[in-house]
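In: Requesting a structural model of the entry that follows:
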Amino acid sequence: MHSSVDGATIEEEEEWMQGDQAKQDGWMKEKEGQGMEEVFASLSSMKVDVEGLRNPLGTYHSPARTCKELWLLHPELPNGTLSVKLAAWKGENPGTWYSKFRKGKQFSYSGSDGVPIHIVQLNFLKLLSATAKQTFTYYCLNSAAWLHAAAYSHEHALRFRGSNGEELTHENTHYINALYDGCQTRSGQERTELEFDAPLSNTLPIIDVAVSDFGKGNQKFGFQVGPVCYNG
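Out: Model prediction:
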């Protein structure tokens, strides 16, 4: 009798141990399944990231490394520009940086979708390029932008701030060229188009401008900042 009870007890213990082992095996399989799901999710995310690097869209979340790369992948995308109205800018002081104007700010740059270009994108472009080009168009009413023809001087020439913090002026920057200088007469409504052909890519884009020839009742100005092209 005693032996049969012992036998029943042993059988119950074995059944309990087998049941507990089955639970542990099931729990382990469940954990392994969850782990594999995380692995597959990570692989899928990495695949999307790699595909984004191979075929960037030129957006905030999918930036291209260079302008050339974006143009080759998406030749249909247009260039972006930043425009400001022609105005008298009453109450502002001539020679002050535009970013210090009450309604002014430092220039920002956007992609074709209107989303601001992240600083990482700009750094990529600079690091992978040797030189850079950009245009700046000044719209004037009785206001000089570069040369003052009557005095044959650059006393009213625009000053600029590069993205590396340097001040770019007629005196210290040899690579600013006037492609067209209609504002030099300081007479009537005209425009002046300047080109920056920077030998170092980290100089551009320009982020600010200082205008000195305005403030009189018959003077107005506005400007358009052109796109930046990185080369090499």
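In: residues of stretch 139-154 that come out buried?
Out: 139-148, 154 (16 or more other CB atoms under 10 Å). For glycine as for every other residue, the C-beta is placed from the backbone atoms N, C-alpha and C.
In: gap between the closest residue to residue 57 other than its chain neighbours and residue 183?
Out: By the measure of CB to CB, 6 or more residues apart in numbering, the closest residue to residue 57 outside its immediate chain neighbours is residue 74, 7.4 Å from it. Distance, residue 74 to residue 183, using CB to CB, to the nearest Å: 36 Å.
In: measure stretch 115-131 end to end?
Out: Terminal residues of stretch 115-131 lie 25 Å apart, using CA to CA, to the nearest Å.
In: Flag every buried residue along it.
Out: In stretch 115-131, counting by 16+ other CB under 10 Å, buried: 117, 121-122, 124-126, 129, 131.
In: re earlier: my guess is the residue nearest to residue 57 contacts residue 113. True?
Out: No - Residue 74 is not in contact with residue 113 according to CB atoms under 8 Å; the separation is 11.1 Å.
In: higher neighbour count, the two?
Out: residue 74 (14 against 11; other CB atoms under 10 Å).
In: would you list every one of the strands in this structure?
Out: 82-83, 131-141, 159-162, 167-168, 176-181, 189-198, 206-210, 220-231 (DSSP state E).
In: Among these, which comes closest to residue 101?
Out: Residue 101 sits nearest to strand 206-210 of all these, at 10.3 Å, using CB to CB.
In: got the angle for that closest one vs strand 189-198?
Out: 140 degrees (axes from the mean of the first three to the mean of the last three CA atoms, to 10 degrees).
In: So which elements touch strand 206-210?
Out: Packing partners of strand 206-210 (3 or more CB pairs under 8 Å, 6 or more residues apart in numbering; DSSP states H and E): strand 131-141, strand 159-162.
In: Swap in 7 Å and give it another go.
Out: strand 159-162 (3 or more CB pairs under 7 Å, 6 or more residues apart in numbering; DSSP states H and E).
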